[in-house]
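*Asks:* give the three-dimensional model of this entry:
(4 chains)
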Number of protein chains: 2
Amino acid sequence: MKRKLTLKSIAKEMDVSISTVSKALRDSPEISEETREKIKAYAKLYNYKPNNIALSLKNRKTNTIGVIIPQIVHHFFTTVIRGIEAEARENNYNVIICLSNNDFDKEVLNMELLANGSTDGFILSVSKETMQKEDYHHLNEVIEQGMPVVMFDRVVEGIACDRVLINDTQGAKKGVSHLIRSGCRKIGIITSEDYVSVGRLRTEGYLDAHDDFGIEVDENRILKLDNIDDLGEGSKKRIKEFILNNDLDGLFTVNELFAVYAARVIAQSGKSIPDDISIVCFTDGELSEHMVPSITAVSQHGEEMGRKAASILINKLERPEDETEEYGTTYIETSLIERESTRKLLR
Amino acid sequence: MKRKLTLKSIAKEMDVSISTVSKALRDSPEISEETREKIKAYAKLYNYKPNNIALSLKNRKTNTIGVIIPQIVHHFFTTVIRGIEAEARENNYNVIICLSNNDFDKEVLNMELLANGSTDGFILSVSKETMQKEDYHHLNEVIEQGMPVVMFDRVVEGIACDRVLINDTQGAKKGVSHLIRSGCRKIGIITSEDYVSVGRLRTEGYLDAHDDFGIEVDENRILKLDNIDDLGEGSKKRIKEFILNNDLDGLFTVNELFAVYAARVIAQSGKSIPDDISIVCFTDGELSEHMVPSITAVSQHGEEMGRKAASILINKLERPEDETEEYGTTYIETSLIERESTRKLLR
DNA sequence: TTAACCAACTAAATCGATTAAGTTTACTTG
DNA sequence: CAAGTAAACTTAATCGATTTAGTTGGTTAA
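*Replies:* Okay, here's the model as predicted:
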């Protein structure tokens, strides 16, 4: 096992001082052409690479972005990460990903861990438990220490940071409007309780669309589930009852999973999609794409969101003394992807 | 913005030396009870946390595992990561995830980056391009430097490292045997070219199952696609032709996506699943679970795989001088999850 | 009385890299 | 020819924490 090369070992081998080696490798004019070339040749031959940890310590800069998300299993987060990764790489930043599993304690732990020298800043989507607790001391702490934070998707108010959001309300409105335009008049929505911001906002979009078209909203057609992240037996039961006990001709859901399960219930009840009931869901993922029938979806453009969040964070990091203390909210537009679960519009 | 506490700043504030602070916080008997308590109280009050970077440098140990995977978008990798995360956390390790996007250069870049001080060891699944190129210098380099490596899922031979594998052959055999037992005799397989190890092994399992039951294999019933990771137009076309031009009563696919698309083609051709054609796929993911009909799948137990890989790596890291130079291969058993795409067996 | 010894600290080296501040040697110039 | 200067290095400080090797003042035993 060969030890890794260090400046020290090179210096010893070549019988010069450590600083000469360092300067030679960084092309300093202080070092003679001859020595410089000799050292560089040696370093190249033995594949010297500076130790990142030492550099981080010296520069008090890690060039690493910490990403904290509730769950990686979600296709959406996956695409966001891809965007973050891409933008980071282009700007010479690394990405460390930590999962909170929607657990408050884990979110706090992860942040503290990464904040102790591992990262320069954070990109995060707040866990469900944190939102319920409304305890944001961990966020305020890292911000206090001068680490910039960018929140995305699931954000909270009252924190000194930038935000990147899906235009949830407008996205939902697009989806529901599409249903209305295609002829639906009795549209149901399967959403979450209001404390999950995305659920609340998407419900608003649903209401807005009805408003725009002057269609009355029937409260019975709104189903609020408490867990938006997965589909338990309880949720399944409520969705089934909701579908069977309502005479719907259209359905909007705030995620794919609800739509997929609803589609199953609808198929089993002998009705056809899209002719008897049309479906639109929020989030364009693998499920909506491959399902039979495939489901018309509101695409969140996760990759773009990730890129944007990373670019905002990197910007702050690169110009640290630009502390204008101004924080903005960027909205990522959604788009509707028409598939087989809705009727074609006549244009 | 308040600066972060360091031993230095505490020492200054309390008018003692840096080493006194360090020792006090680590409960050294060299420091008097009184001073110790005072320093600890101060540190607690102002929430002192040691700088990880400095510790890593000093200890030449980062307590971080580097994970390099082809694509995070895949549900399977997602579950593996969850397993790695869990095992790591329990043992006080961090996890850094990097994506290679199935690209050789990126895999090399990521490894070099992380190898320069950021991690103590690696868990990786080799990218497709690397397998085609058969260039493993980056792997050999980090191993040379004394960093242990554990490969999982997509592994290559001839590298001095441990391996954690799905029992691909047996898994495929389980799936195909199930089809045979349920009455299928003309079973097709949609797999990958042989250079992708998982494809090759699963094809073997398909052949083995036929062998066991004494059923002849018809070469026309084997479709080898070149891209196993996603479903392009070319693959779709070939799958469609394959399904329509073969008189099959059963189908085994090496991933979910192939099965889902095949199911669509079958449905469109007016045949019914599972009665006319039964389907089993490798990989238990969201698609097979939620599809209508849901698809019988060979579960890879990704989480268990991740845990195992992490536990092997951590073991090596904790006992570094145990260099017996012995490397093992661990197999994770698969299990069959029966769903709606196959007929129930009479037992 | 004084060497020995202990309690309770502090100083300094170390991890690996960067860099400001010296040092040496040769050479120019008034 | 002495002073000044530039070239080419080296020394040492620094990042933050740990740890080994001192140091100091007081107590104790011979």
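*Asks:* what is the burial count for residue A:289?
*Replies:* Neighbour count for residue A:289, taken as other Cβ atoms under 10 Å in any protein chain shown: 18. Backbone N, C-alpha and C define where each C-beta goes, glycine included.
*Asks:* please give the element, helix or strand, for it.
*Replies:* helix A:286-290 (DSSP states H and E).
*Asks:* same for that helix, what does it pack against?
*Replies:* helix A:256-268, strand A:296-299, helix B:256-268, helix B:286-290 (3 or more Cβ pairs under 8 Å, 6 or more residues apart in numbering or on different chains; DSSP states H and E).
*Asks:* what's the local residue count around residue A:118?
*Replies:* Count around residue A:118 with other Cβ under 10 Å applied: 23.
*Asks:* and if you look at the one 3 residues further on?
*Replies:* With neighbours defined by other Cβ under 10 Å, the count for residue A:121 comes to 25.
*Asks:* cool, residue A:267 as well?
*Replies:* Neighbours of residue A:267 (other Cβ under 10 Å): 16.
*Asks:* so what's it scoring on pLDDT?
*Replies:* On pLDDT, residue A:267 comes in at 93.
*Asks:* kindly report the same for the one 5 residues further on.
*Replies:* Each residue has a pLDDT score; the one for residue A:272 is 96.
*Asks:* so which of the helices and strands packed on helix A:286-290 gets nearest DNA strand C?
*Replies:* Closest approach to DNA strand C among the helices and strands packed on helix A:286-290 (Cβ to the nearest atom of the strand): strand A:296-299, 43.4 Å.
*Asks:* packing partners for the closest one?
*Replies:* Packed next to strand A:296-299, using 3+ Cβ pairs under 8 Å, 6+ apart, are helix A:168-181, strand A:278-282, helix A:286-290, strand A:335-337.
*Asks:* residue B:287 is nearest to which of the ones you listed?
*Replies:* Evaluated over the helices and strands packed on strand A:296-299, closeness to residue B:287 peaks at helix A:286-290, with 5.9 Å, by Cβ to Cβ.
*Asks:* show me the contact partners of the closest one.
*Replies:* Residues outside helix A:286-290 that contact it (Cβ atoms under 8 Å, 6 or more residues apart in numbering or on different chains) are A:75, A:256-257, A:259-260, A:281, A:294-297, A:337, A:339, B:257, B:260-261, B:264, B:286-287, B:290-291.
*Asks:* any quick PyMOL command for the buried ones out of the residues you listed?
*Replies:* In PyMOL syntax, the buried subset of the contacts of helix A:286-290 is picked out as below (16 or more other Cβ atoms under 10 Å in any protein chain shown):
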select buried, (chain A and resi 75+256+257+259+260+281+294+295+296+297+339) or (chain B and resi 257+260+261+264+286+287+290+291)
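*Asks:* ok, and which of the contacts of helix A:286-290 reach DNA strand C?
*Replies:* The overlap between the contacts of helix A:286-290 and the neighbours of DNA strand C (Cβ under 7 Å from any atom of the strand) is empty.
*Asks:* quick one: the helices in chain A?
*Replies:* Under the criterion DSSP state H, helices of chain A are mapped to A:7-14, A:18-25, A:33-45, A:52-59, A:75-90, A:104-115, A:128-133, A:137-144, A:168-181, A:197-212, A:233-245, A:256-268, A:286-290, A:302-318.
*Asks:* give me the buried positions along the last one.
*Replies:* What it means is helix A:302-318. In helix A:302-318, counting by 16+ other Cβ under 10 Å, buried: A:302-314, A:316-317.
*Asks:* swap in stretch A:118-131?
*Replies:* A:118-131.
*Asks:* what's the answer for stretch A:24-41, then?
*Replies:* Quick answer for stretch A:24-41 (16+ other Cβ under 10 Å): A:24-25, A:31, A:36, A:39.
*Asks:* that one vs DNA strand D: in contact?
*Replies:* Yes: Stretch A:24-41 reaches DNA strand D (Cβ under 7 Å from any atom of the strand) through A:30-32, A:34-35.
*Asks:* same deal with stretch A:138-152?
*Replies:* No: Stretch A:138-152 stays clear of DNA strand D (Cβ under 7 Å from any atom of the strand), getting no nearer than 11.3 Å.
*Asks:* residues in contact with the one helix or strand in chain A whose mean pLDDT sits lowest?
*Replies:* Least confident element among the helices and strands of chain A, by mean pLDDT, DSSP states H and E: strand A:94-99 (a mean of 84). With Cβ under 8 Å, 6+ apart as the test, strand A:94-99 has contacts from A:62-72, A:81, A:84-85, A:88, A:106, A:110, A:113-114, A:118-119, B:81-82, B:85, B:94-98, B:113, B:118.
*Asks:* and the gap between residue A:36 and residue B:245?
*Replies:* 67 Å (Cβ to Cβ, to the nearest Å).
*Asks:* ok, residue A:332 next?
*Replies:* From residue A:332 over to residue B:245 (counting by Cβ to Cβ), the distance is 44 Å.
*Asks:* please say which of those two ends up with more neighbours.
*Replies:* residue A:332 (21 against 9).
*Asks:* in the sheet, who's paired with the more buried one?
*Replies:* Following DSSP bridges, residue A:332 is listed with bridge partners residue A:166.
*Asks:* for it, list the residues it contacts.
*Replies:* So residue A:332 contacts A:164-167, A:300-301, A:304-305, A:308 (Cβ under 8 Å, 6+ apart).
*Asks:* around chain B, pick out the residues from the stretch 151-300 of chain A.
*Replies:* A:257, A:260-261, A:263-264, A:267, A:286-287, A:290-292 (Cβ under 8 Å from any Cβ of the partner chain).
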